[in-house]
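Participant: dropping the sequence and predicted coords here.
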Amino acid sequence: MSQRQFPKNVKRIEPDESFCFACHPAVSCFTDCCRQLELALTPYDVLRLKKACGLRSEEFLDRYVIIEQEDHETFPRFYLTMVDDGRESCVFVAKTGCTVYEDRPAACRAYPLGRAAIRQPDDSMEEFFVILQESHCCGFQEQQEQNPAGYSSDQGLASYNRLNDAMATILQHDQIRQGRKFSADQVDRFIQALYNLDQFRTLLLAGEIPEATPFDEPTRLRLEDDEELLLYAINWLQAILFEAKISS
């Protein structure tokens, strides 16, 4: 992708290329980036946030998530709800900062970086970074030197990237790229398996999930872990949407 395809305030950056940035309460624009935004949520974002809130996934979705889908879109989009305070503030932001900081979404962790992971024909992932320099952000005036690889590590993005990359087997599947659409029932399965994980687990362990083969006790115990369950759900969904083989 060439640089001219990016907006003027977005620049492609190499993994070891340096930039200066830091965010902390003493920066004058602290928490401004938590307002007037549309924050899209990945399944792993929801997994982390619902645990941080002490809620089951269906409760978290009902309280904090807006689900939208246009006619031309293959799957719905999930956004964190904002507070109607005139600034469209994140529901989890306070004067002291983020109240769910340890479990904040990947987009919040990565800012001002953006990461693209593109699925290749051999199922490998091609990764590249961009840096977003917004005029309101004073973090770029700080002298702390960063690079994308180190910054991503410092922000705890490894597990987010791993789970989000696994989603590429669905979202970047060849059939999706060719414009395939799905039935309302298939879209409901997409929502349930990926975003309503606690309900999916309940039905799965009760043997009420179609196409899910019985599994042994070690697998059952492994699926008590939310991350392992999400990986299973991604694999299961890929199988029922694209007629692939389910692996336990």
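Facilitator: Here it is on my side, so go on. Residues are numbered from 1 along each chain as shown.
Participant: where does pLDDT dip in the protein?
Facilitator: Filtered on pLDDT under 70, the chain yields the residue ranges 1-4, 244-248.
Participant: mind doing that once more with 90?
Facilitator: Judged by pLDDT under 90, the chain has its weakly predicted residues at 1-8, 37, 71-72, 95, 119-125, 135, 207, 209-217, 219, 243-248.
Participant: list phi and psi for the residue nearest the centre of it.
Facilitator: Centrality entry for the chain: nearest residue to the mean C-alpha point is residue 42, 2.7 Å, by CA atoms, centre = their mean. Residue 42 adopts backbone torsions of phi -90, psi 170, taken as degrees, to the nearest 10.
Participant: list the contacts for it?
Facilitator: Applying CB atoms under 8 Å, 6 or more residues apart in numbering, one finds that residue 42 lies in contact with 78, 105-106, 160, 163-164, 167. Quick note: C-beta positions are derived from backbone N, CA and C, even for glycine.
Participant: tell me the domain boundaries of the chain?
Facilitator: Under the assignment named as automatic domain parsing, the residue ranges that make up the domains of the chain are 3-165, 171-242.
Participant: and the biggest helix by length in the chain, what does it pack against?
Facilitator: Counting by DSSP state H, the longest helix found in the chain is helix 226-242. Counting contacts by 3 or more CB pairs under 8 Å, 6 or more residues apart in numbering; DSSP states H and E, helix 226-242 is packed against helix 43-52, helix 158-166, helix 168-171, helix 184-195, helix 197-205.
Participant: so for that helix, what gets flagged as buried?
Facilitator: Going by neighbour count (16 or more other CB atoms under 10 Å), the buried part of helix 226-242 is 226, 229-238, 240-241.
Participant: got it, and stretch 95-103?
Facilitator: Going through stretch 95-103 with 16+ other CB under 10 Å, the ones that come out buried are 98, 100, 103.
Participant: next, the first one: phi, psi?
Facilitator: The phi and psi values for residue 98, taken as degrees, to the nearest 10, are phi -80, psi 130.
Participant: how much space between it and residue 115?
Facilitator: Separation of residue 98 from residue 115 (CB to CB, to the nearest Å): 20 Å.
Participant: surely residue 151 touches residue 113?
Facilitator: Yes - here residue 151 reaches residue 113: they are 6.3 Å apart, a contact under CB atoms under 8 Å.
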